[in-house]
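K.L.:
Have a look at this prediction, sequence included:
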Amino acid sequence: MNDRPLSSRSAFDSVEGNGEFEQAVADCINRLESGLDVDATWIRQQYPSFQNELEEFVADWDTLEGYSNDLKQVQTNVLNAPQLPTEFGNYILQEQIGSGGMGVIYRANQQSLSRTVALKMLHNVRHDRKRFQLEAEAAALLDHPNIVSIFEVGEAAGQPYYTMPYVSGSDLGTLVQNGIPMPPARAARIAWGIAQAVHYAHNRGILHRDLKPGNILLDDADVPHVTDFGLAKNVDGSEHLTRTNAIVGTPAYMAPEQALGKNKEVSVATDVYGIGTILYAVLAGRAPYAGNNSMEVLRRVIEAPPRGLNSAEVTPDLKIICEKCLERVPGDRYHSAADLADDLQRYLAGQPIQAKPTSKLGAAWRWAFRNPALAVLGVTACAALLLALVSLSLLLLTEYGARIAAESRQNRERALNAEIQRRLQAENAARRRA
């Protein structure tokens, strides 16, 4: 595995929502995807103002490629999984029910208590032991009906593990992969449960940072349970619960601040965005972003909001709630997961929601913020057009004024001639009478 950690205190922190910087990042991604070098010399020549930030981004990009190689190793580990059932310490591993970048999860029987549990162990003990321990510690701090709790943390035959309640349903990721949109009421109810759980975690000082459908389990009663706190960190910004040597988030469900490496800006609003991506995915039957590879997905996250929810079955209020979660600027999202949960509850109760649709002026302003070069070009074109219209208007007014003046002069001359003619006729009539 690539042992270079992504920076926890990024140089990106000094570039606050700079549209030119985001364009520079997009240019770097284009070159990297094309197989072209993006070295310090090129960066210095093309973008001297962002040299430090872009050099860090490229270094983190290399880590992302290393992560892709690690996933290939995970696939190899899965192929070499033990024959089941098999004994593992106090447990009998019965069935593999999940696998991810760090570990594999089994349905197991705890022999001492004769109960069924979910048991998670590592793919790579040497690299991920610390992160695995921190994930267990984070989850152990939380006791909420919508969060998968921890039963036991231990080690057997040199392999760390922890056990959790076995949730017999499925995960939301499987439902999204089926490509079938979820009915709005069900989607809102599930999102409400997730928001409640996330707010509880926030109140206890923990950010999740990797909220996605695959990390939400549904039990037989269709109740959601949040799991996988492997990327958790403290709300106050400290990193002692942060996993290292891995990408901070899942590209298709990352908030823009995560995709740009602005780790210092990751906050409660980032998890609100994550809940929004889950709501979007179940309503649309697809992830918010897609691409041929992780790099392409990251670029799309950075460059633009996800495609709109156009399904006729998605009610306007639920669409507004989802869009509020997915605002590009963290401050424009719901201020807390509790605020989001409250709006979802209002929606489910048929009451007016608090979120308001984005105005056309606001949407235009945010587009300009994300696309400064095009915005400047557009403003310049509009200014030129306005100048041309003003010039044409002045010309037309001048011609109109001249025409009116000429007509007025002709009218005065006709009136004067008529008056002269009248007086001459009056004088001639007077002479004849004399």
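P.N.:
Sure thing, it's come through.

K.L.:
taking the mean pLDDT, what do you get for stretch 289-306?
P.N.:
Confidence over stretch 289-306, taken as the mean pLDDT, stands at 88.

K.L.:
which residues sit in contact with F57?
P.N.:
By Cβ atoms under 8 Å, 6 or more residues apart in numbering, the residues touching F57 are 12, 25, 28, 260-261. The way it works is simple: take the backbone N, C-alpha and C, and place the C-beta from them, glycine included.

K.L.:
typo on my end, V268
P.N.:
Applying Cβ under 8 Å, 6+ apart, the residues near V268 are 202, 207, 235, 335-337.

K.L.:
change it to 7 Å
P.N.:
Under the criterion of Cβ atoms under 7 Å, 6 or more residues apart in numbering, the neighbours of V268 are 202, 207, 235, 336-337.

K.L.:
Strands - which of these land there?
P.N.:
L207 (DSSP state E).

K.L.:
pLDDT, neighbour count and distance to G89 added to the contacts of V268, as JSON lines?
P.N.:
JSON lines is the format used below for the contacts of V268 (pLDDT from 0 to 100; neighbours: other Cβ atoms under 10 Å; distance: Cβ to Cβ, whole Å):
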{"residue": "H202", "pLDDT": "95", "neighbour count": "19", "distance to G89": "35"}
{"residue": "L207", "pLDDT": "92", "neighbour count": "27", "distance to G89": "32"}
{"residue": "V235", "pLDDT": "67", "neighbour count": "16", "distance to G89": "35"}
{"residue": "S336", "pLDDT": "97", "neighbour count": "18", "distance to G89": "41"}
{"residue": "A337", "pLDDT": "98", "neighbour count": "27", "distance to G89": "37"}
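
K.L.:
Which one of the contacts of V268 is nearest to G249?
P.N.:
L207 (11.2 Å; Cβ to Cβ).

K.L.:
Is N109 in a helix, a strand, or coil?
P.N.:
Look at N109: counting by DSSP: H, G, I helix; E, B strand; the rest coil, its state is strand.

K.L.:
can I assume it is in contact with T116?
P.N.:
Yes - if you go by Cβ atoms under 7 Å, N109 and T116 touch, sitting 5.9 Å apart.

K.L.:
These two: who's more crowded?
P.N.:
For N109 versus T116, the count of surrounding residues by other Cβ atoms under 10 Å is larger for N109: 17 against 13.

K.L.:
show me what contacts that one?
P.N.:
If a contact means Cβ under 7 Å, 6+ apart, then N109 has 91-92, 94, 116 as its contacts.

K.L.:
Just the buried residues from these, in ChimeraX please.
P.N.:
Buried residues among those (16 or more other Cβ atoms under 10 Å), as a ChimeraX selection:
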select :91,92
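
K.L.:
Between the contacts of N109, which sits nearest L122?
P.N.:
Y91 (15.3 Å).
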